[in-house]
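curious how this folds, go ahead:
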Amino acid sequence: MKKICLFALGLMFACNSSQKTVSENPSTGTQQGPDLSITYAHTITQDELKEHLYTYASDEFEGRETGKPGQKKAVEYLKAQYEAMGIPAAKADGDYFQKVPLEVTSVPNGSIRINNTTFPLGEDAVTFTVAHGDYNEIIYVGYGVEDDNYSDYTGLDVNGKVVLIKSGEPANADGTYVVTGTDQKSVWGSMSDGMEKKANLAIDKGARGILYYDSLNYPRYQGYFDFMKTNTTGKMELAGDNSEVFLIMLNEKSATTLKKDIDVNATPEKITVDLKLSVESGNEKIDSENVIAVLKGSEKPDEYVIISSHLDHIGVNANGDINNGADDDGSGTVALLEIAQAFKQAADAGHGPKRSIVFLHVTGEEKGLLGSRYYTDVDPIFPLHETVADLNIDMIGRIDPNRNGDRNYIYLIGSDKLSTELHNLSEEVNKKYAHLELDYKYNDESDPNRFYYRSDHYNFAKNNIPIIFYFNGTHADYHRPGDTPDKINYDLLENRSRLIFHTAWEVANRPNKVLVDKPIE
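Coordinates of the predicted model:
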């Protein structure tokens, strides 16, 4: 998982339920008679999960760091498994690998000169992008907000211009916020999400570059810049992400050099300025890939249910210790392999899913959800508008030591964010088959861990594709060499994997797509 349960009782319930005969489920439309999904779910076994994981999270794979030799061994292992199962590659050319162009950028070198004052990078200005050019005018857009009843861009043309934006959002005289009409901030005023939303709006309006003033968050940007100066691994990103629009964060000293009254004045205006940008960055190209297989649906082959996990981990630490990543995300990876095998056995017996199932192993999750972002934002092999759901598996083999309650649990995140129907289906499937405690602790919008935004499902969710994120929580070995296969609870991994299989089975076989009733606008 990116760094920005069930045992005998559950097993007994699962085994007992396999003897039952079930009738038509009105919400999911599964077949009459013996419930075939139970038959195929039971092909997911502790022994096979363990066998896979002791290989996949072994020292031989060197912690599977993105672009490193161990990651190459990992993708070859996955490819070999799908070939052995007879599940074809997702790409039309038969290649299981979707190349994901990545690069590592060093901390930029250079300076920013404003009205004859030079600001070295890392002191009063921070950027991670290349920025060149001489500018004699910038556009101050105040808060940089545009909503239904308010816009800082009225009458302004920022196409090809450099814009200056400050953090926060407009407020009324009584202290309420203009956008919400209440004392609650909108996303525009969020310390964590506001800058990205404002920057994307400016880019959509054609801005050449963005100068962003946020005195409260600036120490965090500066701290990360300082960290990256001594971090020899560098920051990895999709190649070309920083090739056009630049984003420079300013502190009070540099921002007030541009606009003296910026703290008290939010009125947009054109500002005459002598701005000279000379920022260079060296990039190292990285070769990496997603691994993608597909089992075509029998009735609705052009509708897709994606099951995802990330194939990478964080590699070898400075002391030479291997971070094996057995839980993160070896557990999700081997679960996905076993789920794929269960679906393939069903298909071979003439009981294949109505919709196509995509088995998506993504790279670069630990580097910033890069492989999944490439799939959704750059090269979706299957159309996003025909993608029914993403069931994302990231760490499902351990027990959260800080959790109070039965070990027979799984954390679910995001199941109700976009689709009430998917959430209800998930609950019904669990009651019918797995009998896990579905814990929604980390689904809370106010959860400070923000796990909803920290694994690959988020790149699907932001595209209004319903998701469920399956997660066991963190533990003392999270992102440490102690995350080894011997510490996995294989009975829990089995039952959690079966739950995900049953959920995918229902989503794939129900008459209609799950309804998105709470889309992101």
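
drop to CA atoms for contacts and neighbour counts, all remaining ones
Will do.

what helix or strand is residue 102 located in?
For residue 102, the element it lies in under DSSP states H and E is strand 97-105.

C-alpha coordinates for that strand, CSV please?
The C-alpha trace of strand 97-105 is given here as CSV (Å, rounded to 0.1, in the frame of the first residue of the first chain):
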residue,chain,number,x,y,z
PHE,A,97,2.5,-6.4,-20.2
GLN,A,98,1.2,-2.8,-20.5
LYS,A,99,4.3,-0.7,-20.6
VAL,A,100,4.0,2.3,-18.1
PRO,A,101,6.5,5.0,-19.0
LEU,A,102,8.0,6.4,-15.8
GLU,A,103,10.8,8.7,-14.8
VAL,A,104,12.7,9.7,-11.7
THR,A,105,13.2,13.4,-11.3
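
what pairs with it, parallel or antiparallel?
strand 235-238 (antiparallel), strand 283-295 (antiparallel) (DSSP bridges).

mind giving me the domain ranges of the chain?
For the chain, automatic domain parsing gives the domain ranges 8-101+287-509, 107-281.

any idea which of these is most buried?
Among those, domain 8-101+287-509 has the highest mean neighbour count (mean count of other Cα atoms under 10 Å), at a mean of 20.

ok so, going back, rank the strands paired with strand 97-105 by pLDDT, which is bottom?
Note on the strands paired with strand 97-105: strand 235-238 shows the lowest mean pLDDT, a mean of 87.

next structured bit after it?
Using DSSP H and E, the first helix or strand after strand 235-238 is strand 246-250.

so which other helices or strands are in contact with that following strand?
strand 125-127, strand 209-213, helix 218-230 (3 or more Cα pairs under 8 Å, 6 or more residues apart in numbering; DSSP states H and E).

residue ranges with poor pLDDT in the stretch 151-300 of the chain?
232-234, 241-243, 281-282 (pLDDT under 70).

just want the angle from the strand holding residue 102 to helix 218-230.
Interaxial angle of strand 97-105 relative to helix 218-230 (axes from the mean of the first three to the mean of the last three Cα atoms, to 10 degrees): 100 degrees.

so which residue is smack in the middle of this structure?
What sits nearest the mean C-alpha location of the chain, by Cα atoms, centre = their mean, is residue 456, with 2.8 Å.

against residue 94, how distant is that residue?
Applying Cα to Cα, to the nearest Å, the value for residue 456 to residue 94 is 24 Å.

now residue 512
In terms of Cα to Cα, residue 512 sits 30 Å off from residue 94.

now residue 48
Relative to residue 94, and taking Cα to Cα, residue 48 is found at 27 Å.

do the same with residue 109
According to Cα to Cα, residue 109 and residue 94 sit 43 Å apart.

now the helices for the stretch 251-400 of the chain?
252-258, 332-348, 370-373 (DSSP state H, counting those that start in this stretch).

would you list the ones you listed in JSON lines and tack on distance to residue 39?
As requested, the helices of the stretch 251-400 of the chain are arranged in JSON lines below (distance: least, Cα to Cα, whole Å):
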{"stretch": "helix 252-258", "distance to residue 39": "64"}
{"stretch": "helix 332-348", "distance to residue 39": "9"}
{"stretch": "helix 370-373", "distance to residue 39": "32"}
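
what helices and strands are in contact with the one helix or strand residue 428 maps to?
Secondary structure from DSSP H and E places residue 428 in helix 420-429. Using 3+ Cα pairs under 8 Å, 6+ apart, the elements in contact with helix 420-429 are helix 490-509.

okay, angle between the helix it packs on and helix 332-348 too, please.
50 degrees.

pLDDT (mean, whole number) over helix 490-509?
98.

quick one: which of the helices of the stretch 251-400 of the chain is nearest residue 203?
When the helices of the stretch 251-400 of the chain are compared by Cα to Cα, helix 370-373 sits nearest residue 203, at 18.4 Å.

state the distance from residue 170 to residue 417.
With Cα to Cα as the criterion, residue 170 and residue 417 are 27 Å apart.

contact partners for the nearest residue to residue 347 once chain neighbours are set aside?
Residue nearest to residue 347 in three dimensions, not counting chain neighbours: residue 353, with 7.1 Å by Cα to Cα, 6 or more residues apart in numbering. Applying Cα atoms under 8 Å, 6 or more residues apart in numbering to residue 353 gives the contacts 296-298, 343, 346-347, 505, 508-509.

picking up where we left off before, switch the helices and strands packed on strand 246-250 over to TSV; also include distance to residue 372.
What follows is those, written out as TSV (distance: least, Cα to Cα, whole Å):
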stretch	distance to residue 372
strand 125-127	25
strand 209-213	26
helix 218-230	24
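
closest to residue 269 out of these?
Among these, strand 209-213 comes nearest to residue 269, with 14.4 Å by Cα to Cα.

now the closest residue to residue 54 other than its chain neighbours: phi and psi?
In this structure, residue 54 finds its nearest non-sequential neighbour in residue 485, 5.8 Å apart by Cα to Cα, 6+ apart. Torsion angles at residue 485 (phi, psi; degrees, to the nearest 10) stand at phi -60, psi -30.

next one: the one 3 residues further on
For residue 488, the backbone dihedrals are phi -80, psi 140 (criterion: degrees, to the nearest 10).

my guess is it meets residue 397, correct?
Yes: using Cα atoms under 8 Å, residue 488 is in contact with residue 397, at 5.2 Å.

which neighbours do these two have in common?
residue 327.

gap between the helix or strand just after the helix holding residue 428 and the chain center?
Once the chain leaves helix 420-429, the next helix or strand it forms, by DSSP H and E, is strand 437-439. Its chain's average C-alpha position is 22 Å from that of strand 437-439, according to Cα atoms, centre = their mean, to the nearest Å.

check stretch 268-288 too.
27 Å.

and for stretch 203-215?
On Cα atoms, centre = their mean, the centre of stretch 203-215 falls 24 Å from that of its chain.

ends of that stretch, what's the gap?
22 Å.

look up how far residue 152 lies from the spatially closest residue to residue 177 that is not a sequence neighbour.
Nearest in space to residue 177, with sequence neighbours left out and distances taken as Cα to Cα, 6+ apart, is residue 171 at 4.2 Å. Per Cα to Cα, residue 171 is found 13 Å from residue 152.

with residue 246 instead?
Distance of residue 246 to residue 152, given as Cα to Cα: 21 Å.

can you check residue 46 too?
Taking Cα to Cα, one finds residue 46 at 58 Å from residue 152.

equivalent analysis for residue 508, please.
From residue 508 over to residue 152 the distance is 45 Å, taken as Cα to Cα.

can you pull the contacts of the nearest residue to residue 429 once chain neighbours are set aside?
Nearest residue to residue 429, sequence neighbours excluded (Cα to Cα, 6+ apart): residue 503, at 6.1 Å. By Cα under 8 Å, 6+ apart, the contact set of residue 503 is 425-426, 429.

and of those residues, the nearest to residue 35?
The closest of the contacts of residue 503, once distances to residue 35 are taken by Cα to Cα, is residue 429, at 12.3 Å.
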